[in-house]
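Q: Fold the stuff below for me.
(5 chains)
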Amino acid sequence: MTARYLLTRVGQALLVLACVAVTTFALGRVLPGDLATAVLGQSATPEQIAEFHHKTGADRPAVEQFWSWFTGVLHGDFGTSALTGQRVSDALADRAAPSLLLVLLAEAFALAVAVPLAVWAAYRQGRAADKAANGASFLLLATPQFAVAVLLIYVFAVRLGTLPATGYVPLDEDPAQTFRTLLLPAVTLALGLAAVYYRVLRAGVLDTLRQDYVLAARAQGLTPRQVLVSHTLRPSLLPLVTLVGLNFGFLIGGAVIVEQLFALPGLGTYALGAVQTRDFAVLQGTVLLIAGVYVLVNLAVDLLYGVLDPRIRHAR
Amino acid sequence: MTTADLPVSAPPGTGAVGRPLLEVRGLRVRYRSGGRPFEAVAGLDLTLHQGETLGLVGESGCGKSSVARAVARLEPDVSGAIVFDGQDVARTGGRALKAYRRRVGMVFQDPIASLNPRRTVRDIIATPLELAGGHDSTAIAARVGELADLVGLHPSLLDRHPHEMSGGQCQRVSIARALACVPDLLLCDEVVSALDVSIQAQVVNLLMDIREQQRLAMLFISHDLAVVRQLSDRVAVMYLGTLCEDAPVDELFARPAHPYTRALLASVPGNPTPDTALLTGDLPSPLTPPSGCRFRTRCPLARDTCAEIPPTPKQIRPDHHVACHFPIDATP
Amino acid sequence: MNHDAPSPSAAEPLLNLRGYTVHLNSPRGTVRAVDGVDVAVARGRTLAVVGESGSGKSVLCRSLLGLLPDAAVALRAGTAHFDGVDLTALGERELRDVRGRRVGMVFQDPMTALNPVLPVWRQIALPLKRHLGLRGRAAKARAVELLDSVGIPDPARRADQYPLQLSGGMRQRVMIALALSCDPELLIADEPTTALDVTVQAQILRLLDRLRAERDMAVILISHDLGVVADHSDDVMVMYAGRQAELGPTASVLAAPRMPYTRALLDAAPTLHGPRGQHLAAIGGQPPDMSRLLSGCAFADRCPRVQDRCRTEVPAMTRPPGSAHEAACWNPVPPPRPGGGTVTGISAARRESSRT
Amino acid sequence: MPAERRPGLGRGAWPPLVFLGVLCTAALLAPVLPLADPTHSDTDALAAGISAKHWLGTDALGRDTLSRIVHGARVSLVVGVGATAIGAVAGTLLGMAAGVVRGWVSAVIMRLTDVLLAFPAMIFALAVIGAVGPSTASVTVVIGLLFIPGFVRIVRAPVLSLSQREFVLACRAMGMSTPRLMAREILPNILTGVLTYAVTMFGVGVMVEGGLGFLGVSVPPPEPTWGGMIAEGRQVLAQHPMVTLTPTLVLVLVVVCANVVGDRLSARLDTRGAML
Amino acid sequence: MPFDVQTLDPIAPNFASSMDYTAARGVMDPLFDVDAQGALVPQLALGAVASDGNRTFTVQLRDGVKFSDGTDFDAAAVIAHYQEIKDKKTCLGCAPRLVGLVSAITAKDPHTVVFALSAPWAEFPEVGLTGIAGLIPSPTAKKAAGDAFGRNPVGTGAFKLAEIAPGDHVTLVRNETSWLADRTYPDKVVLKVMLDTQTAVQSVQAGTIDVMVSSQPNQAQQAKSAGLQVQLNRGLAPDGIIMNLNRPGLDDVRVRRALSMAIDRQAINKVAYNGDTQPTTAFLAEDDPEQQGIGVPGYDPDKARQLLAEYGKPVRLELNTLQGSNYIAATQLIQQQWKAVGVETTIKVNTAVGIMQDVLQRNYDTSFSPAFMATTTVDALEVAFSSTGRLNLGGYVNKQNDELFGQLGAATDSAAALPIARQILTNVSNDVPSIPVVRKTGMFAASAKVHLPAPDGYRVDAFTLTDLWLTR
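A: You can find the predicted model right below:
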């Protein structure tokens, strides 16, 4: 893997982020509605609205607005929420933690379930265990997040009362409680993810099991465990790694429904709120952060490819 | 409409005399590997006369397939001259390229992968005729029938898909397709390598027959020296993108002058040669070719000069060229 | 090489197949991939198995070690005694102790048969751990030793590399080192040089000869190339459509083939010395559909010497009069005139000279 | 050896196909079927259970659940099919172009899909729908846009490998033009893969519409949509779970069916692939 | 809390939600509270005396009260606060008259403030010294923080602000130096934003939170069936539909009356609100002496059809409502009921900002959403129903009303004001510039261990944190 390759990828990533920034900005401009009405209320006079626009810079030409925002971002300044007066970067710092924790936890759960199950099911292809796991994966794939969430809340929070439905506590206050409050939302996300991961990895393992080197490994008298773990798993992981990366980026701001149902102060609800109140500084900052995480994770996935597969490492 | 309306090749020349049908001069084919460019073919000269078969042999990775693809204009990064029938086609486009493509047919190594799995044999053979244009469906159907007959395909096979046929049958389809527009030159890239011996013999025989019937020139690429010997008039030996030796077939097999040619012959199973002629080691990477003579790292006769000066082909006997500083003197 | 070794029939065979039969499931029905094979191989000897694709030679070897998927095998019959134990009677667990430990296997394409994502030494270390209990440094040291023994230069450095960093020849050497890692008594080499260039093929075949002699192994060499077989085997079994066509000492079979198929196979291959520019002696037609139950000789439809009986009765392996080997044919090719020499370019005599 | 084609999809695929077929037919015929008015409140039967009058009960506003599910299918299925069609057609064209035409064309297409992927999907959907207003058309188009990158990826990989296949080289050696090459030689070979993915994405589309409906930004009421029904039913979940469970079950069933059909298709594709 | 927190500065223009109010009410205290009957309850002020024909009000302040920053609460603080309301004119929750009528604020002594009005205003203490306007911040802190006071409020309240996490929660901690310290039970109160009321009820059930607040009663049944304490807070003002009188059809009073007559308020209460609210046709509380017996035309679909027939042209309308709200169920019923009398409507579901924008730009037909002008007094109706009113969102013009509002302000006592007020309400009920539908109803739900306080008289979805305690 050459430095040149890395440089190209970083360049591409920055280009993508720039495009995302422009798109968000443009999308913000075509949204009907005006933050001024939210901030100033129904009784705002035209003069007050004009003054508000002037103060927030909304009366300047779009290109100029974009440029000043963009240069601000380059200097680490994401602007200020016109609605709450909070610095967007501060808000994002607060909001990123629950989102990141949630996604990390969900991915961890999903992988912990999906990986062993997929390997085992592929090894026992066509047997009862495989069929049962396949059926379960289909069901989970088809069950919408909100249905899972509602069910989990009903069972674990309301009926059994063993886990809290809401009440996120920051990590630095009480890590155990953070974990407990994130458990249900993470499981909600994880169930769907696990089904996807299971299917992809199972297909990958089935594919790998057909490879000559697996036959050769069996011809060496290796135990099924050795064959599966040492020879089969790693070459089968590439599509899964791609997917984990994609989903990581996807969920970091995409778990809107789950965040809302579990009252988690994450990036998704923050962006959703910004869309609904037309708080553009917030919207732009959040989308850019989410896209940044996505791009970064996928860059990492790309690098991980090289680690997992020397063919890729040496082809670059 | 009859098949008489179909394009017909120019009358074949008179063999080795006169203007060559194909002349490749200083051919270079470049690829990129992980951003790094390298030359798969590094300055190659070849001459092929009308009705003649030139065998091109060498180990895998020596660039012989790249030569065929370059001649077929399938390689994007090519320099040098490819003179076909007096015209340099290396950089032509448009009508001239179209006309050239009709006069050159190509057959590939993998018989099944060479055919679109979603199309019937009939469609596949008809494709070049449709592309050439100017034929109605009856003329095309008639020509497809003729071609199937020519390559020994039973008409009942015409409505099958490639995966429903054997490798030998698929290769016949490929040949029929390559012959559809009555080319002057047939490029055969390892066409029998993937076939079993008994089927290989059938296809070799077929190629010998149509070469006679159609008065075709052929560039026959193979790593199998015995097959090349069977089919070729002249043989060129390649090593790591360069030409080692080029001679009439009997001359080459009887009196190989390049140490690499000799080693190749010695390695053929069942060929009685002392072990000392066998090569050690492997082909160097084309990304970092050795300086001077590219064969020197494995050559039993290599000396200091070989590392410094790349050898140029020189004629050691009539029509026998060797690119070696120290050719084996095998004059009887 | 032990010239004094007794002939294979006299020696106690290491592997002895009797009526060995494997039927496979396919979408079109049961395929008789291996049909009633009787053959034996002794320590220190090489048995070549020759046939075109689909003749059942790979299925034969893979099924011996239980490497075919359970669902694919419709029937396995006959016996396969390995050092006195019938492999067909062993369960998966017991077979696992045989695989790699007592029987090594080399596959056709070292590019696909080596795991692309594991460094070379790790791949060798896995069977070492499984069978010999070697771990860590000891395993790596042993892997490097093995690489050295198969002629890989700078083995310590190569051990840390991945297969794609090695050339084709080197990969096959690694594959061989892997197969030999636990000192097996039998090595099955399934077309070990088909994917390689001729110059490298020669090196690999010589390496196999050397290793066999050093370790007194039995070797089963699967090949479709009669030239390779001629140079590197003691005995040869020719297979056609899952059945034995001809079996016996290599020199005898190649010099005086009795089954017309073997004859045709020898004639169809172009050579470096025979006449050229003429048609090759191609075998017409295609191999039979193996999911059909063949009432007679499998080669009958393509055979120039076919008789009525060939289509109705399956020929058994018998030793035709005046022959040093067995063939399955109702109308065998007459033996060549004494002193007539070989018709083909393959000289069986050369093999003896190369062995000294 | 000549290979045999598997006949059809296998027995497992029939029940889901029949279910989807019945649902589609019912949705198409909804206006002429003897169903209750999906927007009419029967104030005497609020959140009622199954009865002769209301086969699947009623929702909290007393509207007939069966009728709302069938009418809601019109939205869900149109969005599922429409979004998949948009994603499939655009994604296939772009993916093929990116696979066949190298250089800047490929680079631009791939960067564009990256941008779409990097954009948080739900936020994108909410913003665009917020901008153009919620309707079946806007929801379909937005979900369709979000589907494009997936199809591009699904298409591009096989196209890349196909374009190195010898039959494609053969066609290029014959002088076949790139558009014709894409349409006649490459497209037929990727179509099954696209179809399989499309069937799965149809299920995803139905589910995403449900999610948007749940957030209240899908097709506006009183037009019944499954997501909207689930969201409205949630208000009375504790007392009347069936109001929300019935549409959820239907939604899950539709997506399961789509996935099973897709799985069967790809299994069939696999065996074909193995034969090639 | 079903709303996000925006600012705790009561006179900031975006101080709006019950979340803002509840938090600010915890940090700051008003001069007076209003009880359920509308009577003044002394808080920071002990009493108010009117003189000069309701033109001068002398307010006696509580002694010995300190702001949590240690400064004294005195007349200067009150004066500074009201002066700022007058100067900035940004206070949304303050009565417009406060800005217009208060001419001078002076301190008679450190604990007595005198408000001089330019015109008589009998209800000045009830309107001007309570609610949002009545919350008194620390002038020192306000000067120091400037615009940032909304995030760093300082008052005399039982609590101090510990943290604001916009979109998630506000944390208040006990203010030990408060004059209410002996009546303050929790050490810490976390006001958590939960946009989803269902989630909120479940959180109470699960014990994650103690009390949930909703501005609509939609989850009351569920909370009750889960065994929670439920308190329904019926407000004095209605929820209803505002109309844009410039739109074809809506410019005709017959159509507007028909629309009101088409609405079956009983059915809406039963179906959309589980019977937890109260149907109404009145702009103020029905039993309010000014309102008694007056209301917009009630349910009479036959008459509605007849009026529409008289109008003669087909009426097609768009009905706006708030996304993700409980208005949606009622909106769908109203759509059906209007359809039953022949008025076709399409529903447009919009965000709060979108509705606000549409309404302010008069880019709407009808809207059943929180944009309805809800007030408890007649004179506050002036903003909505005088032709120049700031919140006259439908373009309603009635010259007689304009005059009457003037007379109402000048009326010296309530007896004189009553007939004027009744005339205004009668006019408005006849003209139907907007349609009251149900009483505004909020709801609290809590687990059994919580002592639920009475709702804050000012809002149905807010309460005074001081009265909250947990039984141990």
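
Q: pLDDT wise, what is the closest residue in space to D:Cys257 that isn't next to it in sequence at?
A: Leaving aside its sequence neighbours, D:Cys257 sits nearest to D:Pro16 (C-beta to C-beta, 6 or more residues apart in numbering or on different chains; 3.4 Å). The C-beta positions use only the backbone N, C-alpha and C, and glycine is treated the same way. Each residue has a pLDDT score; the one for D:Pro16 is 86.

Q: Could you do C:Leu128 as well?
A: For C:Leu128, pLDDT reads 93.

Q: list the contacts for B:Glu308?
A: B:Ser291, B:Gly292 (C-beta atoms under 8 Å, 6 or more residues apart in numbering or on different chains).

Q: and the gap between it and E:Gln231?
A: In this view, B:Glu308 and E:Gln231 are 100 Å apart by C-beta to C-beta, to the nearest Å.

Q: Over to C:Pro249?
A: C:Pro249 is 104 Å from E:Gln231, by C-beta to C-beta.

Q: Residues of chain C that sit close to chain A?
A: Neighbours of chain A within chain C, by C-beta under 8 Å from any C-beta of the partner chain: C:62, C:65, C:67, C:71, C:95-101, C:104-105, C:107, C:109, C:112-118, C:122, C:126-127, C:129-131, C:162, C:164-165, C:175, C:178-179, C:181-182.

Q: Oh, that last question was meant for the stretch 51-200 of chain B, not what I typed.
A: Counting by C-beta under 8 Å from any C-beta, the stretch 51-200 of chain B has no residue next to chain A.

Q: neighbours around the residue of the stretch 51-200 of chain D found nearest chain E, how many?
A: Proximity of the stretch 51-200 of chain D to chain E (C-beta to the nearest C-beta) peaks at D:Leu61, 5.5 Å away. Neighbour count for D:Leu61, taken as other C-beta atoms under 10 Å in any protein chain shown: 24.

Q: ok so it is a strand residue?
A: No: D:Leu61 is assigned coil when assessed by DSSP: H, G, I helix; E, B strand; the rest coil, not a strand.

Q: where in the stretch 1-150 of chain D is pLDDT low?
A: Applying pLDDT under 70 to the stretch 1-150 of chain D flags residues D:1-12.

Q: can you list the residues of it near chain E?
A: Residues of the stretch 1-150 of chain D lying near chain E (C-beta under 8 Å from any C-beta): D:Thr39, D:His40, D:Ser41, D:Thr43, D:Leu46, D:Ala60, D:Leu61, D:Gly62, D:Gly130, D:Gly133, D:Pro134.

Q: 6 Å instead, please
A: Residues of the stretch 1-150 of chain D lying close to chain E by C-beta under 6 Å from any C-beta of the partner chain are D:Thr43, D:Leu61.

Q: Would you state the strands of the stretch 1-150 of chain D in chain order?
A: Per DSSP state E, counting those that start in this stretch, the stretch 1-150 of chain D carries no strands over any range.

Q: before we move on, the earlier item: what about the residue nearest to D:Cys257, neighbour count?
A: 21.

Q: now swap in D:Cys171 and tell me
A: For D:Cys171, using other C-beta under 10 Å, the count is 23.

Q: Could you double-check that it sits in contact with D:Glu185?
A: Yes: when contacts are counted by C-beta atoms under 6 Å, D:Cys171 is listed as touching D:Glu185 (5.4 Å).

Q: how about the closest residue to chain B within the stretch 301-450 of chain E, what does it touch?
A: Nearest residue of the stretch 301-450 of chain E to chain B, counting by C-beta to the nearest C-beta: E:Val349, 47.8 Å away. Taking C-beta atoms under 6 Å, 6 or more residues apart in numbering or on different chains as the contact definition, E:Val349 lies against D:Pro220, E:Thr321, E:Gln323.

Q: 8 Å - rerun?
A: D:Pro134, D:Gly216, D:Val217, D:Pro220, D:Pro221, E:Thr321, E:Leu322, E:Gln323, E:Ile328.

Q: Could you do A:Thr143 as well?
A: For A:Thr143, the contact set (C-beta under 8 Å, 6+ apart) comprises A:Leu191, A:Gly192, D:Val252, D:Val255.

Q: In chain A, where is pLDDT below threshold?
A: A:1-2, A:33, A:37-45, A:315-316.

Q: next one: chain B
A: In chain B (pLDDT under 70), the answer is B:1-18, B:34-35, B:271-277, B:330-332.

Q: Return the residues of it in contact with chain C.
A: By C-beta under 8 Å from any C-beta, the part of chain B that sits against chain C consists of B:59-60, B:166, B:168, B:196-202, B:204-205, B:208, B:223-227, B:229-230, B:249, B:253, B:263-272, B:275, B:278-280, B:282-283.

Q: Would you mind writing the ChimeraX command to select the buried ones in those?
A: Buried members of those, defined by 16 or more other C-beta atoms under 10 Å in any protein chain shown, are picked up in ChimeraX with:
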select /B:59,60,166,168,196,197,198,199,200,201,202,204,205,208,223,224,225,226,227,229,230,249,253,263,264,265,266,267,268,269,270,271,278,279,282,283
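
Q: so of the residues of chain B next to chain C, which ones are in strands?
A: Using DSSP state E, no member of the residues of chain B next to chain C sits in strands.

Q: ok, the closest residue to chain A within the stretch 1-150 of chain D - contacts?
A: Nearest to chain A, among the residues of the stretch 1-150 of chain D, is D:Pro120, at 3.6 Å (C-beta to the nearest C-beta). With contact set as C-beta under 8 Å, 6+ apart, D:Pro120 has these partners: A:Phe250, A:Ile252, A:Gly253, A:Gly254, A:Gly268, A:Ala271, A:Val287, A:Ile290, A:Ala291.

Q: Report how many residues lie close to the fourth one.
A: Just to be clear, that refers to A:Gly254. Count around A:Gly254 with other C-beta under 10 Å applied: 26.

Q: measure it to C:Met290 for me?
A: Distance, A:Gly254 to C:Met290, using C-beta to C-beta: 54 Å.

Q: Please name the nearest non-neighbouring residue to A:Gly266.
A: Distance criterion C-beta to C-beta, 6+ apart; nearest residue to A:Gly266, sequence neighbours excluded, is A:Ser99 at 3.9 Å.

Q: residues contacting the one you found?
A: A:Ser99 makes contact with A:Ile252, A:Gly253, A:Ala255, A:Glu259, A:Leu264, A:Gly266, A:Leu267, A:Gly268, according to C-beta under 8 Å, 6+ apart.

Q: do D:Ala60 as well
A: D:Ala60 sits next to D:Leu46, D:Ala47, D:Glu232, D:Gly233, D:Gln235, D:Val236, D:His240, D:Val243, E:Val271, E:Ala329 when contact means C-beta under 8 Å, 6+ apart.

Q: same deal with A:Gly167?
A: A:Thr181, A:Ala263, E:Lys192, E:Ser203, E:Thr208, E:Ile209.

Q: and if you look at D:Val142?
A: Applying C-beta under 8 Å, 6+ apart, we find D:Val142 in contact with D:Phe124, D:Ala125, D:Val128, D:Ile129.

Q: My read is that the residue of the stretch 51-200 of chain D closest to chain E contacts D:Pro38, right?
A: No: using C-beta atoms under 8 Å, D:Leu61 is not in contact with D:Pro38; the gap is 10.9 Å.
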